[in-house]
Structures are given as structure tokens and as C-alpha cells.
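# Got a sequence here, can you model it:
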Amino acid sequence: MLELAINYEDKLNKEYQIAVKKDENLYFEGGQWGYYKIKIDDSDYYKIQCVSVDSDSNVLGYFSASIDRNSNIITGIEVIKFKDSVLASLDLFRFLKQISEMPVRKIEWWVVRGNLAEKLYDKIIQKYKGNKIGVYKESVKLRDGNYYDKVFYEINLNCE
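Predicted coordinates:
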């Protein structure tokens with residue numbers, strides 16, 4: 001089920017602290033320095049924050065979208081799955097549908113090249129008629145000490 005992250009803050013941060021140490025999540029933070037806790041906002045004015053939970057209330061994933069309310073643009077998306085779960089994948093698509101139906105004009109985000117999510121994002125922009133805007137070469141250094149490209153995406157929702 002897709003639920004508000006604020007209701008699962010403790011469980012979310014326990015899962016996050018385990019996951020962030022794993023090599024497969026190297027790309028999540030998008031930088032060399034990490035943070036140990038996901039800050040949960042007390043409203044949805046600046047950020048929509050949801051978790052995927054199973055029937056036992058285990059947190060399977062975290063999804064967030066930052067919002068620029070002045071420009072009516074989603075300015076960033078964060079996705080991390082803690083368990084390889086069909087439910088978490090379904091909840092991710094529910095989350096993406098939810099934000100695409102908000103009164104926003106477009107969605108903009110980026111991903112570090114090499115992240116497995118890049119293939120998913122390529123499929124998402126095909127489905128929603130979005131664009132891969134471009135690539136910044138070697139613009140981010142991750143905790144492994146290597147430099148990586150950033151790939152930028154956008155989906156125009158209500159733009160004419």
C-alpha cells in the first residue's frame with residue numbers, strides 16, 4: 001500500500017540506514033557525502049513523501065517529489081526500494097500517477113548515470129511523452145570516489 005511517510009518515519013529511517021550502506025544504493029544520495037536520516041516534512045507544501053508498506057506494515061520503499069509551488073513544477077524525484085518487491089514496484093507507479101495528476105505543469109528530475117533506475121526513467125518518459133533533456137558529464141562524485149554523469153529528464157503535463 002502507498003502510505004504517507006510521516007506515519008512510518010521511524011520504520012522508514014531504520015530501513016534507510018541499512019540500505020544506504022549497500023553498494024547497490026550508491027547512486028541514491030547523488031553525492032559523496034551521505035545523510036543518515038530522511039527528513040520528513042510536516043506538510044505536503046514543498047514535498048510529497050510516501051512509503052510502500054506491506055500488510056505487516058513493513059516499509060518496502062520510499063518515494064518523494066519536491067514541488068515548486070510558484071512555478072507549479074515537480075523539481076525532483078527520490079526513489080529507493082528497500083526490498084525487491086512487486087508491491088513496492090506497483091506502489092512506485094501509483095506514486096508517479098499521483099504526482100502526474102497534481103495541478104503541476106511539468107516534472108523535472110535527474111539521475112546519476114549507472115543507476116538501475118535510469119532504464120525505468122527512460123520507460124517512464126516514453127509512457128508520459130517526456131524527454132531526456134541532456135547529460136552533464138562527470139558532474140557528481142559519489143562515495144566510491146568516482147565521477148559520474150547526471151542525466152536530466154522532464155515531462156510536460158499541462159504545457160501547451
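# quick one: the strands in the chain?
2-4, 47-53, 59-68, 73-81, 106-112, 131-141, 147-156 (DSSP state E).
# Quick one: residues in contact with the second one.
Read that as strand 47-53. Strand 47-53 is contacted from outside by 1-6, 8, 12, 38, 40-41, 59-67, 81, 85, 87-88, 91-92, 95, 98-99, 102, using Cβ atoms under 8 Å, 6 or more residues apart in numbering. (Each C-beta comes from the backbone N, C-alpha and C, glycine too.)
# Now a PyMOL select for only the buried ones of those residues.
Selecting just the buried residues from the contacts of strand 47-53 in PyMOL takes one command, with 16 or more other Cβ atoms under 10 Å as the test:
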select buried, resi 2+5+8+12+38+40+59+60+61+62+63+64+65+66+67+81+87+88+91+92+95+99
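# what ranges of this protein fall below the confidence cut-off?
Scanning the chain for pLDDT under 70 picks out 29-34, 159-160.
# need the longest helix for it.
helix 86-100 (DSSP state H).
# hmm, who's touching it?
Here helix 86-100 has contacts from 1-2, 48, 50, 52, 54, 60-61, 63, 65, 74, 77, 79, 81-82, 107, 124, 128, 155, 157, using Cβ under 8 Å, 6+ apart.
# for stretch 148-160, same thing?
27, 30, 100, 103-114, 118, 121, 124-125, 128-142.
# mind redoing it with 6 Å?
105-114, 121, 125, 128, 130-137, 139-140 (Cβ atoms under 6 Å, 6 or more residues apart in numbering).
# Buried among the residues you listed? Make that a PyMOL selection.
In PyMOL syntax, the buried subset of the contacts of stretch 148-160 is picked out as below (16+ other Cβ under 10 Å):
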select buried, resi 106+107+108+109+110+111+112+113+121+125+130+140
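# Return the set of residues that bridge with Leu4.
Here Leu4 sits in beta bridges with Cys50, going by DSSP bridges.
# Could you measure from the closest residue to Lys129 other than its chain neighbours over to Gln126?
Of all residues not flanking Lys129 in the chain, Ile155 sits nearest, at 7.2 Å (Cβ to Cβ, 6 or more residues apart in numbering). From Ile155 across to Gln126, the span is 10 Å (Cβ to Cβ, to the nearest Å).
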